[in-house]
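Colleague: Mind folding the following:
(2 chains)
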Amino acid sequence: GAVVSQHPSWVICKSGTSVKIECRSLDFQATTMFWYRQFPKQSLMLMATSNEGSKATYEQGVEKDKFLINHASLTLSTLTVTSAHPEDSSFYICSARLLARSGRARSYNEQFFGPGTRLTVL
Amino acid sequence: KQEVTQIPAALSVPEGENLVLNCSFTDSAIYNLQWFRQDPGKGLTSLLLIQSSQREQTSGRLNASLDKSSGRSTLYIAASQPGDSATYLCAVKYQAGTALIFGKGTTLSVSS
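Modeller: Take a look at the predicted model:
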């Protein structure tokens, strides 16, 4: 359980186009999802925190008009990279926060990560 | 600024060796700490999660310790195998509702 999926797993696009990445929690509801970006040989850098039904909170230096985040349901958050440029090429990883779980005990407030989306902008 | 530092950045060992990866964090008031493994071009695999009230967690050949007062955690890997070769990331959560903050990772290479 506690599976997070991302779609697509990889995408190649031309400069100037927009790309949408989906993040889904498959077997739990996530009021909070996080979006990270990872450049080659670097660690994961938090881009924004996405809360269901409200506006996302962006980290310093992340352009909210360029990276549009929508968290319209408890199982889906989307990241749209608008007018993508080669410098946006990166590995984008989402994670969903599992707030609680019924039945067998699990770690409270644990984040579960998607497999990532590799974006290449030509 | 809350930062997570991992030392060393890279480590090469022969198969069978026991090894320790280090993680330090600037603010000791953490909520929990988590160790992940990342293979090249892949996502994250959670290895161990230590709550702030815990001192260590064990899973198979892996043991993670937490010393909040000194702002440190270690990941101990016993009897290393070539399949352990990967980048190991340490991440800290400072408050329940906030995101994990990651270190830059230690890239481990185990030779046969």
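Colleague: Contacts only, for A:Leu44.
Modeller: Listed by C-beta atoms under 8 Å, 6 or more residues apart in numbering or on different chains, the contact set of A:Leu44 reads A:36-38, A:93, B:44, B:89, B:91, B:102. Every C-beta, even on glycine, is put in place using the N, C-alpha and C of the backbone.
Colleague: any chance of those residues in a markdown table, with pLDDT too?
Modeller: Below are the contacts of A:Leu44 laid out as a markdown table (pLDDT from 0 to 100):
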| residue | pLDDT |
| --- | --- |
| A:Tyr36 | 97 |
| A:Arg37 | 96 |
| A:Gln38 | 94 |
| A:Ile93 | 97 |
| B:Leu44 | 92 |
| B:Leu89 | 97 |
| B:Ala91 | 96 |
| B:Phe102 | 96 |
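Colleague: Would you tell me what the next helix or strand after the lowest-mean-pLDDT helix or strand in chain A is?
Modeller: The least trusted helix or strand in chain A, going by mean pLDDT, DSSP states H and E, turns out to be strand A:110-113, with a mean of 88. Scanning forward in sequence from strand A:110-113 by DSSP states H and E, the next helix or strand is strand A:117-121.
Colleague: Given that following strand, what are its sheet partners and their directions?
Modeller: Strand A:117-121 has its sheet partners listed here by DSSP bridges as strand A:10-13 (parallel), strand A:90-98 (antiparallel).
Colleague: Distance from the first one to the middle of the chain?
Modeller: Going by C-alpha atoms, centre = their mean, to the nearest Å, the spacing between the C-alpha centre of strand A:10-13 and its chain's C-alpha centre is 16 Å.
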